[in-house]
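Student: when you get a sec, could you give me coordinates for this:
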Amino acid sequence: MWLGLVASAVGQGAEEDIRGPKPLIAVPEVEPATPWGLYVLGGLLALLVIGVLIWLLKRKTVPEVSAEDLAKRELDKLGREGTELEAGDFALAASQVVRSFIERKFGLAAPKRTTEEFLLELSRKENEALSSRMEPLRGFLKSCDMAKFAGADLSVGDRGELVAKARAFVETPADGPNDGKEAA
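Tutor: Modelled structure (predicted):
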């Protein structure tokens, strides 16, 4: 019964359409979507790779500067430009160079302590490299403290002498004044 109704409906629809077949409709061809996000991401990735390659090729290996060389540079700069500083500031800069040298070379926290605290720590430690230089260091730091805290004035000659003392301390070999070798 159902089949009969369907067949009569199909047959009836074809007989009633008097206009004939309809013309074909042109369907526009769909262009694939352009993946702009992928293009941008690829470009950024390429720039990153190029940047890393340039950095790797042009980077310079910074040679490690020894504690002695760094202290000598700072003392040379202080000797040239130190005349512009007040006496206390000059003495502070000179003592900081020596204290920083001691910290880098021997691992003692010299810049973070007062002169007395630092010298007391040195006397307690059995560091032979510093024990031979203890008295010159004590004299140098006391001279700096006099200018920093007692208001002592430093002439150009005094400033040069202070830098010379600091340089002599820095240039003394680590094993002592004769570098562990006996004089013949």
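Student: okay, and for this protein, where does confidence drop off?
Tutor: 1-17, 62, 125-129, 174-184 (pLDDT under 70).
Student: what about 50?
Tutor: Low-confidence segments of the chain, defined by pLDDT under 50: 176-184.
Student: what's Ile50 in contact with, if anything?
Tutor: Listed by C-beta atoms under 8 Å, 6 or more residues apart in numbering, Ile50 has no contact partners. To be clear about C-beta, it is placed using only N, CA and C from the backbone, and glycine gets the same treatment.
Student: next: Arg159.
Tutor: Residues near Arg159 by C-beta under 8 Å, 6+ apart: 79, 82-83, 90.
Student: now with 6 Å?
Tutor: Arg159 sits next to 82, 90 when contact means C-beta atoms under 6 Å, 6 or more residues apart in numbering.
Student: tell me the secondary structure of it, please.
Tutor: At Arg159 the chain is in helix, as set by DSSP: H, G, I helix; E, B strand; the rest coil.
Student: could you pull out the strands for this protein?
Tutor: In the chain, no strands are defined using DSSP state E.
Student: what's the longest helix in it?
Tutor: In the chain, assigned by DSSP state H, the helix with the most residues is helix 36-58.
Student: how far out from the middle of the chain is that helix?
Tutor: Centroid separation for helix 36-58 versus its chain: 24 Å, with C-alpha atoms, centre = their mean, to the nearest Å.
Student: format the CA atom coordinates belonging to that helix as PDB.
Tutor: This file holds the C-alpha atoms of helix 36-58, laid out as PDB (Å, rounded to 0.1, in the frame of the first residue of the first chain):
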ATOM      1  CA  TRP A  36      48.000  33.100   7.200                       C
ATOM      2  CA  GLY A  37      48.600  32.100  10.800                       C
ATOM      3  CA  LEU A  38      50.900  29.400   9.700                       C
ATOM      4  CA  TYR A  39      52.800  31.800   7.400                       C
ATOM      5  CA  VAL A  40      53.300  34.300  10.300                       C
ATOM      6  CA  LEU A  41      54.400  31.500  12.700                       C
ATOM      7  CA  GLY A  42      56.800  30.100  10.100                       C
ATOM      8  CA  GLY A  43      58.300  33.500   9.500                       C
ATOM      9  CA  LEU A  44      58.800  34.200  13.200                       C
ATOM     10  CA  LEU A  45      60.400  30.800  13.600                       C
ATOM     11  CA  ALA A  46      62.700  31.500  10.700                       C
ATOM     12  CA  LEU A  47      63.700  34.900  12.200                       C
ATOM     13  CA  LEU A  48      64.300  33.200  15.600                       C
ATOM     14  CA  VAL A  49      66.600  30.600  14.000                       C
ATOM     15  CA  ILE A  50      68.500  33.200  12.000                       C
ATOM     16  CA  GLY A  51      68.900  35.400  15.100                       C
ATOM     17  CA  VAL A  52      70.200  32.500  17.200                       C
ATOM     18  CA  LEU A  53      72.700  31.500  14.400                       C
ATOM     19  CA  ILE A  54      73.900  35.100  14.100                       C
ATOM     20  CA  TRP A  55      74.300  35.300  17.900                       C
ATOM     21  CA  LEU A  56      76.200  32.000  18.100                       C
ATOM     22  CA  LEU A  57      78.500  33.100  15.200                       C
ATOM     23  CA  LYS A  58      79.200  36.600  16.500                       C
END
